[in-house]
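Visitor: Can you look at this prediction? I've put the sequence above it.
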Protein chains: 4
Amino acid sequence: MKLGMIGLGKMGYNLVLNCLDHGHEVVAFDVHPEPAQKLEQKGAIAAASIEELASKLKPPRVVWMMVPAGETVDLVLEQLVPHLSRGDIVIDGGNSNYKHTLARAEKLQANGLHYMDVGTSGGTSGAREGGCFMIGGNPESFRSIEPIFKDIAVKNGYLYAGEVGSGHFLKMVHNGIEYGMMQAIGEGFEILDKSPFNYNYEDVARVWANGSVIRGWLMELTQNAFSKDPNLEEIRGVMQASGEGQWTVETALEQKASAPVIAMSLFMRFRSLEEDTFHGKVVAALRNEFGGHAVVKK
Amino acid sequence: MKLGMIGLGKMGYNLVLNCLDHGHEVVAFDVHPEPAQKLEQKGAIAAASIEELASKLKPPRVVWMMVPAGETVDLVLEQLVPHLSRGDIVIDGGNSNYKHTLARAEKLQANGLHYMDVGTSGGTSGAREGGCFMIGGNPESFRSIEPIFKDIAVKNGYLYAGEVGSGHFLKMVHNGIEYGMMQAIGEGFEILDKSPFNYNYEDVARVWANGSVIRGWLMELTQNAFSKDPNLEEIRGVMQASGEGQWTVETALEQKASAPVIAMSLFMRFRSLEEDTFHGKVVAALRNEFGGHAVVKK
Amino acid sequence: MKLGMIGLGKMGYNLVLNCLDHGHEVVAFDVHPEPAQKLEQKGAIAAASIEELASKLKPPRVVWMMVPAGETVDLVLEQLVPHLSRGDIVIDGGNSNYKHTLARAEKLQANGLHYMDVGTSGGTSGAREGGCFMIGGNPESFRSIEPIFKDIAVKNGYLYAGEVGSGHFLKMVHNGIEYGMMQAIGEGFEILDKSPFNYNYEDVARVWANGSVIRGWLMELTQNAFSKDPNLEEIRGVMQASGEGQWTVETALEQKASAPVIAMSLFMRFRSLEEDTFHGKVVAALRNEFGGHAVVKK
Amino acid sequence: MKLGMIGLGKMGYNLVLNCLDHGHEVVAFDVHPEPAQKLEQKGAIAAASIEELASKLKPPRVVWMMVPAGETVDLVLEQLVPHLSRGDIVIDGGNSNYKHTLARAEKLQANGLHYMDVGTSGGTSGAREGGCFMIGGNPESFRSIEPIFKDIAVKNGYLYAGEVGSGHFLKMVHNGIEYGMMQAIGEGFEILDKSPFNYNYEDVARVWANGSVIRGWLMELTQNAFSKDPNLEEIRGVMQASGEGQWTVETALEQKASAPVIAMSLFMRFRSLEEDTFHGKVVAALRNEFGGHAVVKK
């Protein structure tokens, strides 16, 4: 098939290579010209603008956006839509909030365009060699682009999840689970680290990655991480959060669902971004008030 | 009544004054001689040793220990018991683990002594002017010392809770609740602090301390704290924990009871004692592994 | 002063009585005519409609809405605003989401009206005998209605918190803290209930309400509750949530603040509304899959 | 090698078959005679008693206990030790608390015996076809039995973790992580279940098991579970807990480590075992007290 790819960062760039490997034609664009030029040498068609990208595709076009969630998606759509024709398919492959996706789909539908949301997992290596794709949109559109996913996903690694929004929703929840799993792994290693025993963490991660109940890609990555820095002495435990975990908890609140593990994973990330906390000051001040317990002065 | 007081720290010293106010005779001892000497000037009988304290009381003696929980209690008992007689009453007024209290009570009972556990709340001001006492031990012993509590407690501020251990258990749970309440208050003020509004925290604590559903002594103390340091800029949010919160959670685990709020209050205290966490490092390293997300280097 | 009160439920009715006690004139309206009629016998002026209420007040009017948060507020405003004049003050005394308050204030300001938000705490008894009021709005409007609050609040029981929205925000956080405190108290009594000791819960609540660190109105109410049903055998542990706790957690998420205790209080409420959970089924099924552990069949 | 296996339940039975597959000789005993008889037909040597098992092994013996953690281990050791000789190796392959393991090791060492702890993961299928083993004990003993693990573990699926106790500690933490991961997965599916979309959960688990960041054995088992009962309608969400998760949290408490995710996973299990809660009753009663909110009667 032929498709356009807008956004050639770590993920988009690798997805293009993956598509090229399987004989798809890709028109590639990024605000920075270098990645498109590099991809041209590997068989892609570089476009210097979104307009040019659209012009190098024939209706019904398939245009995949792989850009940061949020305003960028809207900016791209603003520039892209005027150059599209009724029946074209626009894919948002990023980690967009599914509510934004629903709103965008409605707008594009008014223009006769088909909007699809593709939650993408598997990291940069997955994008390159075979990823995991959770796909929402109308079923006809899905069928027309399914050949791409057959090629770029690992076996059983793509799912038509249902109407538009269902793909990003699924990816959001996937990331929420990921937060919980990662925090669980982190807590486990912290308990090892504070134990009376003297474990080699790379060895521990390796044995847990092989044959145990908790084996999986995250444990293999844990092994990789420890192989590079055996006690993680070179890094700080600052846990950034890019949004999906927070949306998962917000969704749980809307649903009145209990999601203590995902919520606590998120809160520990927030906590890690702060040197000190106001709640801690209040509690410390209170202990001083009623019991005369010493406070730590700044 | 006449009683002995061993341990004249912030709490014990104030309890002696409180007893003297109500006409009780107190033989007072501490490893540091000064507080007993000061109390002598206010009407107490100073003792230079535990032996002397015992000798200045007549059987059936009442000896109240107000010393740090843990080994100190055992050390005091070791020195005290040889000088006691069958039927004497020994009170542990500190924050001892109720399991230790049960074990000590069994030992003392073998010597014909009555062991009582008195959980004491209300802070140093309560000890001085009227506190809250949760009392365990045999009912006859309780009745014999009840006159003291009638005097040194606020109205309705003492309870015979049941057999030995029940007083310290009750105090343990009281402190567990206190942890949860304090963390809740702290979280609330943190949310105010991060809000778009510009609150005066002392004013907020004052209005919440007057007429609201969450009014109570902790909110009054919050007001006090903010009156001294309006934004708590001078202190760090380091939340020490002295044991009862942890025992409460341990007890919940033994009981297979859900105690998420008390447990999280405790975990946030633990977290506040650390500059950085190993779980955070693991999560940060994992994010780097699968998504190439930057880590913060040390 | 003279004011109008719209909404004569448990809270509004009591507030009117409280105002009358202090010599204020109140024009009272409710969709059900009975409460206004009853209040008329106690000195209020009954209105049969919102229009009539407005007509019985002279500009600059003060109209206090005490109606359920959400759509009802908008419905009342829709009916009320056409009958108001520039410079009139409209108070929302309910538990509205502060974001809705900000939006409503903007609309009313366009009509030259002053919108004020008054978070009200202290329960129905507080409304009747002296409550706690957290007040947002422009400072001139506040000054003009302050005499009312001086009379109907307990001492130190009202606060001008700042611009519009700040009152409802403060009440929201107050309720978040309340959730945490109540859950902490609940967990404590559950641990007592599962303990080897045999406590009388009313007695425990009484001693904790007198002189302890955790004394306060909630503990007094706990004592009341146990005085009526000593082991709470007649009720089920279904914990409804009316919104403010959820908004507090949502706000914490927006702020990237850690609020584990308030969040867990909320999640335990959600959990209490369900007989069974889907997460529980998944975990049970997984244990069966890897370990052959028996599941409980429906 | 030749070894004895005591305890032929789901795990022990499969471990014997696994050993036989690789040419090891196994003397097998269980309190129920059937499994040993069945295993005899597959090449094992059946023993009718622990004494007989010991007599059919030559010093230095290797005896592997695969019995329920707790008292059973002590009962087996009581019967086994008198029939052993200095230098024999006793393996505890169950989920024993590492503190018990340390105490037992000390006792056996006094008899000149080598005690080893082998945390075993991978479920019953792992025991049969290749499991994961976390091994503690003295290094010489480990080296002498390593050939067994080379054969019965998957590749990289065994680890000599260090001195005695380190194996069971590692398994404990592994299970703690497992609790967190399973709860995270459960919460995720609950959020899907309450979503506006209409997911096929088996399909979701399949796509997540292939190429995603959260892929791993637990997700494959989730897929299996949904393939048998698409909406888990036949089972109840009752989550039993066998001990290791609780020990992990207890250990975290001792270490003053924050383990919110593992702790909350455990609390949600406890919660799932109860129809109703006392903390819920207290909160419901309090809401009624201050706000007149209706309670649900029994």
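Guide: In hand now; what should we look at?
Visitor: tell me how far the top helix by length along chain A is from the chain's mean position?
Guide: Looking across chain A with DSSP state H, the single longest helix is helix A:166-193. Distance, stretch centre to chain centre, for helix A:166-193: 13 Å (CA atoms, centre = their mean, to the nearest Å).
Visitor: hmm, it in reach of chain B?
Guide: Yes. On the criterion CB under 8 Å from any CB of the partner chain, helix A:166-193 is in touch with chain B at A:182-183, A:185-187, A:189-190, A:193. Where C-beta positions appear, they are placed from N, C-alpha and C, glycine not excepted.
Visitor: quick one: which of these is nearest to chain C?
Guide: Nearest to chain C out of the residues of helix A:166-193 next to chain B is A:Gln183 (CB to the nearest CB; 12.5 Å).
Visitor: Tell me which residue is most central in chain A.
Guide: A:Asn95 (5.0 Å; CA atoms, centre = their mean).
Visitor: next one: phi and psi at the residue nearest to it when sequence neighbours are not counted?
Guide: Among residues not flanking A:Asn95 along the chain, A:Ala69 sits closest, at 4.8 Å (CB to CB, 6 or more residues apart in numbering or on different chains). Note on A:Ala69: backbone dihedrals following degrees, to the nearest 10 are phi -60, psi 150.
Visitor: Quick one, grab the pLDDT at A:Ala69.
Guide: As predicted, A:Ala69 sits at a pLDDT of 95.
Visitor: ok so, going back, for the record, mean pLDDT for the longest helix of chain A?
Guide: Mean predicted lDDT for helix A:166-193 stands at 98.
Visitor: at contact distance from chain D, anything in that helix?
Guide: Yes. Helix A:166-193 reaches chain D (CB under 8 Å from any CB) through A:166, A:169-170, A:173-174, A:176-181, A:183-185, A:187-188, A:190-192.
Visitor: how about that helix, does it get close to chain C?
Guide: No. Under the criterion of CB under 8 Å from any CB, helix A:166-193 makes no contact with chain C; the nearest approach is 10.8 Å.
Visitor: any idea of the angle that helix forms with helix D:166-193?
Guide: 160 degrees (axes from the mean of the first three to the mean of the last three CA atoms, to 10 degrees).
Visitor: Which strands or helices does whichever helix or strand comes after helix A:166-193 pack on?
Guide: Beyond helix A:166-193 on the C-terminal side, the first helix or strand identified by DSSP states H and E is helix A:201-208. The contact analysis (3 or more CB pairs under 8 Å, 6 or more residues apart in numbering or on different chains; DSSP states H and E) places helix A:201-208 against helix A:166-193, helix A:217-228, strand D:131-136, strand D:153-162, helix D:166-193.
Visitor: now for these, which one comes closest to D:Asn18?
Guide: strand D:131-136 (7.7 Å; CB to CB).
Visitor: Would you map the strands across the stretch 1-150 of chain A?
Guide: Remark: strands assigned in the stretch 1-150 of chain A by DSSP state E, counting those that start in this stretch are A:2-6, A:25-29, A:45-46, A:62-65, A:89-92, A:114-121, A:131-136.
Visitor: And the average pLDDT for stretch A:73-87 is what?
Guide: 98.
Visitor: Quick check: chain neighbours aside, which residue is closest to the residue of the stretch 51-200 of chain A found nearest chain B?
Guide: Nearest residue of the stretch 51-200 of chain A to chain B (CB to the nearest CB) works out as A:Gly186 at 3.2 Å. Excluding the flanking residues, the one nearest A:Gly186 by CB to CB, 6+ apart is B:His279, at 3.2 Å.
Visitor: Run through the residues that contact the one you found.
Guide: Applying CB atoms under 8 Å, 6 or more residues apart in numbering or on different chains to B:His279 gives the contacts A:183, A:186-187, A:189-190, A:237, A:268, D:258.
Visitor: and stretch A:15-22, average pLDDT?
Guide: 98.
Visitor: any residues touching that stretch, and which ones?
Guide: A:3, A:5, A:8, A:26, A:28, A:39, A:42-44, A:64, A:66, A:93, A:120, A:127-131, A:148, A:151-152.
Visitor: Give me the domain ranges for chain A.
Guide: Following the TED database, chain A resolves into domains at A:2-163, A:171-277.
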